[in-house]
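Visitor: Sequence below, structure please.
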Amino acid sequence: MKLPNNCFYKGTLMHNRFVPKNHKFTYNIFYSFIDIDDLDDLKKKYTFFSYNKFNFFSIYDKDHGFRNNKKIKDWVKNILKKININHMNTKIFLLSIPRIFGYVFNPLSIFFCYDFDGNLKALIYQVKNTFNEQYCYVFKIKDHSKKKYYKHSCKKNFHVSPLWDMRGKYNFLTFKPSNKFYSSIIMEKNKKKVFQAILDCKYQELNFNNFLSLLIKFPFLTIKVILAIYFEAFKIFIFKGAKYYKKPVLKKNFTIIKK
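Guide: Residues are numbered from 1 along each chain as shown. Now for the predicted structure:
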């Protein structure tokens, strides 16, 4: 198996809430998928891209991991140590929305941790809410040889929205990045599906023309993401009868599943 390439994934993000009434919306989106070891080199290669510096597109260490000026890789290495993975033999790719004109909000970013032979060893789902909090669901992967996708389940442990309480279970489904990328998160309560989010994208080469094309098509994407969160929440609360739940105190930042 070989390691994936740095690229963009362009497609759609769909949210579907099933209770108390059905509420579904979809919008166009793109993500960058980048080996974090290449960030310094990419900023030299592409005029439109910077690392820890303002540009049309940029990725900052403080948007992920420790959320300060410490390197993203150091944060991931600390997690890999906790699940007994040799971080010295690891390539780490980050799937996230980059900053556009200096602003971004990533409800979900995914870290793909490979060994040098291209075997996926761990997945880290990094979730943020609009209260400036962050939580990570970490899954160690043992059977990595032939699978095209991975399924994981765990208890909901993070307050994502004031329109959901803390009860529930997440079912994650993520395909290996290739010419297409697909990921789904289903939330269940009492074995009943109450919410689903689906990211469905196609590969685009990381090059100057695609940087320019995405800038023209998505100049306000990062603002659109946060506005969509508030606008759709308003409609669900006012017109669909959703309840409001007070945010609990965040006591920890990780759920780690080693099996």
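Visitor: partner residues bridging the residue nearest to D40 when sequence neighbours are not counted?
Guide: In space, and not counting its chain neighbours, D40 is closest to Y51: 6.1 Å by C-beta to C-beta, 6 or more residues apart in numbering. For the C-beta atoms, the positions are set from N, CA and C on the backbone; glycine is no exception. For Y51, the beta-bridge partners are I59 (DSSP bridges).
Visitor: Does the most centrally placed residue in the chain fall in a helix, a strand, or a coil region?
Guide: Nearest to the geometric centre of the chain sits S109, at 1.9 Å (C-alpha atoms, centre = their mean). At S109, secondary structure determined by DSSP: H, G, I helix; E, B strand; the rest coil is strand.
Visitor: which one is it nearest to, not counting chain neighbours?
Guide: In space, S109 is closest to S96, 3.9 Å off (C-beta to C-beta, 6+ apart).
Visitor: again with L95
Guide: That would be I110: by C-beta to C-beta, 6+ apart, it lies 4.4 Å from L95.
Visitor: what does I72 give?
Guide: In space, I72 is closest to G65, 4.6 Å off (C-beta to C-beta, 6+ apart).
Visitor: cool, and I124?
Guide: F111 (3.9 Å).
Visitor: ok so, going back, okay, now the residue nearest to I72: neighbour count?
Guide: 25 (other C-beta atoms under 10 Å).
Visitor: Can you read off the pLDDT for it?
Guide: As predicted, G65 sits at a pLDDT of 92.
Visitor: Can you list phi and psi of it for me?
Guide: With angles defined as degrees, to the nearest 10, G65 sits at phi 60, psi -120.
Visitor: For it, list the residues it contacts.
Guide: Shown in contact with G65 (C-beta atoms under 8 Å, 6 or more residues apart in numbering): 71-72, 74-76, 126.
Visitor: What subset of these is buried?
Guide: Buried residues within those, counting neighbours by 16 or more other C-beta atoms under 10 Å: 72, 75-76, 126.
Visitor: got the phi/psi numbers for K45?
Guide: The phi/psi pair for K45 (degrees, to the nearest 10) is phi -90, psi -30.
Visitor: in this protein, which spans are strands?
Guide: Applying DSSP state E to the chain gives strands spanning 7-17, 23-35, 49-51, 57-59, 90-96, 99-100, 108-115, 120-128, 134-140, 149-155, 169-175, 180-189, 192-205, 254-257.
Visitor: closest one to F231 among those?
Guide: strand 23-35 (9.2 Å; C-beta to C-beta).
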